[in-house]
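Student: Structure, please.
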Amino acid sequence: RDNDENFIEVFSIRLPGKTTAGTEGPFSKGFDCISSTNRIKHEGRVNNLRHKDGRVASYSSNGKVYVHNLESLKCEITFDGGQSEGFGLDWESNGQKLVTGSFDGSCYLWDFNSPSSHVLTWKLKENSQINDCQFHKSNSKIIALASSDCGLYFFDISSNDKPIETIGLHSAEVKVIDFHPNNEHLIIAGSDDGLVKLWDMRQLSEELHEFSEHSEPITCLKWGKGTFFASGSEDKRVIVWDTDQVGEDNEGEDGDDLAPEIIFQHMGHQSKVQGLAWDPHSEKGIFSADHDGVAHFWEIDSNLPKKN
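Tutor: Numbers count the residues shown, from 1 in each chain. Presented below is the predicted three-dimensional model:
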């Protein structure tokens, strides 16, 4: 809440070692694997956070963007252009720029070399809001927006060309997007109808595939290694998908009728999933957090039935 004390909390995680079958693991003995190391006081409610190279950017409910150094815990820069609050926030790959997308439909570009100035790159039509924004992973001149008008927008910040508007690609409000880290043409988008769609930016007339297992709005999406991605939803589940399995035969999967591209489902959360991240040190590790403030660190177990 805006009137309560707001803060960014920094945690340290120690992962337990592997145990052999039939032995007690460190978790069963109360292993203390996560501990709070620092707390940074924050002006306004923290709408979104993005970490990059020892710094964390936060989009506040007061409309400002703060950048804190996680070593000194000091605020290095405050970006304040009088914009509305929002959720859209992303770092450029080299860490020198930020892009924000706000509830009033404005998309701003912020430059660390000129913190007192900002550029309005795009303004959606009236009554449309930006729910997510992201720099392209390999070409930071390209930015994508997810909007409440059921569409995606792509534009090149180095040109004055009109953005590619793709309103109506989804049948519900688009909430989250993620560019593929290696394939420059692919992007996934999740919407309020519980669907995740895979798009090729060269051909936006029809999606490559529709992933439809979630029963509530999609809240977070992240590509993992290779052809894997994970999706979190208000249905309290995190699902791991493999795009290489689309169209494969699902016969013999312990009687379940799940799509063959579903690799694993994590059903341990007791409230809607709010965020997720892949462990950069493991191809199977995922960190997920929910609305109740509970965070899980877990691994995909390919030996378990997918419905579990």
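
Student: Give the residue spans of the protein that score low on pLDDT.
Tutor: Across the chain, the ranges flagged by pLDDT under 70 are 1-3, 16-32, 161, 165, 167, 250-256, 302-308.

Student: Residue 199 contacts residue 169, doesn't it?
Tutor: Yes: at 7.4 Å, residue 199 and residue 169 qualify as touching, with contact defined as CB atoms under 8 Å. Any C-beta I mention is one placed from the backbone N, CA and C, and that applies to glycine too.

Student: what residues do those two have in common as contacts?
Tutor: Residues touching both residue 199 and residue 169 (CB atoms under 8 Å, 6 or more residues apart in numbering): 152, 189, 207.

Student: pretty sure residue 191 contacts residue 214?
Tutor: No: at 10.0 Å, residue 191 does not count as touching residue 214 under the criterion of CB under 8 Å.

Student: sorry, back to before: out of the shared contacts of residue 199 and residue 169, which are inside strands?
Tutor: Using DSSP state E, the members of the shared contacts of residue 199 and residue 169 that fall in strands are 152, 189.

Student: Just the closest of the shared contacts of residue 199 and residue 169 to residue 68, please.
Tutor: Nearest to residue 68 out of the shared contacts of residue 199 and residue 169 is residue 189 (CB to CB; 29.7 Å).

Student: Tell me the bridge partners for that closest one.
Tutor: When assigned by DSSP bridges, residue 189 has beta-bridge partners residue 177, residue 197.

Student: how near is the nearest residue to residue 102 once chain neighbours are set aside to residue 196?
Tutor: Using CB to CB, 6 or more residues apart in numbering and skipping the chain neighbours, the partner closest in space to residue 102 is residue 86 (3.5 Å). Applying CB to CB, to the nearest Å, one obtains 22 Å for the distance of residue 86 from residue 196.

Student: Likewise for residue 231?
Tutor: Relative to residue 196, residue 231 is positioned 5 Å away (criterion: CB to CB).
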